[in-house]
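*Asks:* quick one: sequence plus predicted model below, questions after.
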There are 2 protein chains.
Amino acid sequence: MKKDKPLRILVADDHYIVRIGLVALVNTEPDMEVVAEAADGVQAVDFFEKFQPDLVLMDSRMPMKNGIEAVREIRKKNPAARVLMLTAYDGDHDIARALAAGAQGYVLKNSTGDRLIPAIRAVAGGHTWLSQDVAGRLASRKSFEQLTPREVQVLNEMAKGRSNKEIAEALKITEYTAKDHLKSILAKLRVADRTEAVTVAIQRGIIQL
Amino acid sequence: MKKDKPLRILVADDHYIVRIGLVALVNTEPDMEVVAEAADGVQAVDFFEKFQPDLVLMDSRMPMKNGIEAVREIRKKNPAARVLMLTAYDGDHDIARALAAGAQGYVLKNSTGDRLIPAIRAVAGGHTWLSQDVAGRLASRKSFEQLTPREVQVLNEMAKGRSNKEIAEALKITEYTAKDHLKSILAKLRVADRTEAVTVAIQRGIIQL
DNA sequence: AAAATCATCCCTCTTTCGAGGGGATACAGG
DNA sequence: CCTGTATCCCCTCGAAAGAGGGATGATTTT
């Protein structure tokens, strides 16, 4: 392990304290350096273009543009880009979407340094890395069916306290159809009513408040 | 500002990265030092007893025992303890409870260092410190009425998808009474139905998922 | 002592929910 | 071409939800 080129890292997280922590952690490794820090998704995309880092450490929930969309955009222009998602909670839905968007790794924020550094090295080296808990959540996911875009729209309206009739008006469909979507949502999420549907959807990252 | 005793700080946060960040930030100030790091609420209480720090930097959402309960316990035994809550999101309800529990300050995690350090100094000096956004949220709070403990219980059952009848069974009351609680919840939160009641309660920190 | 708040119970009535059926169209993948 | 899926529409019906009213005992506050 000679002292050739250090690993150039872009940090993207809306929490200042987390950015400090990541910089401090990365700097303990002699062969890594943080070349830029982004505080939102738009900045993350910008800075990637400007700095062309070897790896991005990306939070999934950020203002302006969330981490998942940012990853998608970055990977669209730079298919070789390497991204490690770093996030606090997030349901299996978020995890799956992040990986689908092109992230190569996903770790939780409560990971200690000796679990984060290997993840960084793995992803930078072209491998995929999922922390234990994350892999577990992904596995439990299989048993649930995916909601369609329309169903997610209906779910969002329900979360706002809209009745079926109001949802129908908002989406320009009949109440019958709104109820049909509700029925399939309840079936797919295996819940008793619309209220539980919303709480489960929030937990799984299908909708955000 | 002579080199007398440095400010001894206890950091309590379940995210390793945040702890690193706080330590790094605090260490940039010559007259402050982190004497211990707790990863959950129970540890926070323990470490306070052991190290008797001048100030605690406490996250509000932690495993084992949340930050608010930890503050309450610490303050109960040590009425002079100084606590600055440091948190990511959290509704006005959480903020009010933290202050009621005895915290002297409340700042959001996206605060930059030049806003966090003054907060630390203020609270350590015996003053109260609320960041702009936090103060705003507290102000908007006034206009909403507080839920009773029983109403919160009902709200929690609703979030699980329980019907009024099931809630009544669970709480050993009649369905009439369950509906009465629901009625006052809807009125107090000013929402259209039980589903919106749950989402609003989550946003305001009245219930957690 | 009076007023307020909490928690409880009761009854009625209209609207909404959610389960159960039945279909139609369009579009993608095999 | 056919199967699957997403989206849409329609109808019925019993069970819940939610709004409206009224009432009681206990506790706390004023």
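*Replies:* Cool, the structure landed.
*Asks:* show me the residue at the heart of chain A, geometrically.
*Replies:* Compute the mean C-alpha point of chain A, and by C-alpha atoms, centre = their mean the closest residue is A:Ser60, 3.9 Å away.
*Asks:* separation between that residue and chain B?
*Replies:* 13 Å (C-beta to the nearest C-beta, to the nearest Å). C-betas here are computed from N, CA, C, even on glycine.
*Asks:* next, that residue: phi, psi?
*Replies:* phi -90, psi -30 (degrees, to the nearest 10).
*Asks:* just list what the helix or strand of chain A with the lowest mean pLDDT packs against, helices and strands only.
*Replies:* Across the helices and strands of chain A, mean confidence by mean pLDDT, DSSP states H and E is lowest for helix A:132-141: a mean of 81. Applying 3 or more C-beta pairs under 8 Å, 6 or more residues apart in numbering or on different chains; DSSP states H and E, one finds that helix A:132-141 makes contact with helix A:92-101, strand A:105-108.
*Asks:* please identify the most buried of the ones you listed.
*Replies:* strand A:105-108 (a mean of 25; mean count of other C-beta atoms under 10 Å in any protein chain shown).
*Asks:* which residues are contacting the helix or strand just after that one?
*Replies:* Later in the chain than strand A:105-108, the nearest helix or strand by DSSP states H and E is helix A:113-124. Outside helix A:113-124, the residues that touch it by C-beta atoms under 8 Å, 6 or more residues apart in numbering or on different chains are A:7, A:9, A:25-26, A:28-29, A:32, A:54-55, A:57, A:82-84, A:86, A:104-105, A:107, A:111, A:128-129, A:131, B:16-17, B:20.
*Asks:* confirm A:Leu57 sits in a helix?
*Replies:* No - going by DSSP: H, G, I helix; E, B strand; the rest coil, the assignment for A:Leu57 is strand, not a helix.
*Asks:* any idea what it is bridged to?
*Replies:* A:Val11, A:Leu84 (DSSP bridges).
*Asks:* what's the pLDDT at it?
*Replies:* Here the pLDDT value assigned to A:Leu57 is 96.
*Asks:* now the longest helix anywhere in chain A: buried residues?
*Replies:* Ranked by residue count, the top helix of chain A under DSSP state H comes out as helix A:175-189. Judged by neighbour count (16 or more other C-beta atoms under 10 Å in any protein chain shown), helix A:175-189 contains these buried residues: A:Thr177, A:Ala178, A:Asp180, A:His181, A:Leu182, A:Ile185, A:Leu186, A:Leu189.
*Asks:* same question for stretch A:71-87.
*Replies:* A:Val71, A:Arg72, A:Glu73, A:Ile74, A:Arg75, A:Ala81, A:Arg82, A:Val83, A:Leu84, A:Met85, A:Leu86, A:Thr87.
*Asks:* with stretch A:139-151 instead?
*Replies:* Across stretch A:139-151, burial judged by 16+ other C-beta under 10 Å covers A:Leu147, A:Arg150, A:Glu151.
*Asks:* list the contacts of whichever residue of chain A sits closest to DNA strand D.
*Replies:* Among all residues of chain A, A:Thr148 sits closest to DNA strand D, at 2.7 Å; criterion: C-beta to the nearest atom of the strand. For A:Thr148, the contact set (C-beta under 8 Å, 6+ apart) comprises A:Ser184.
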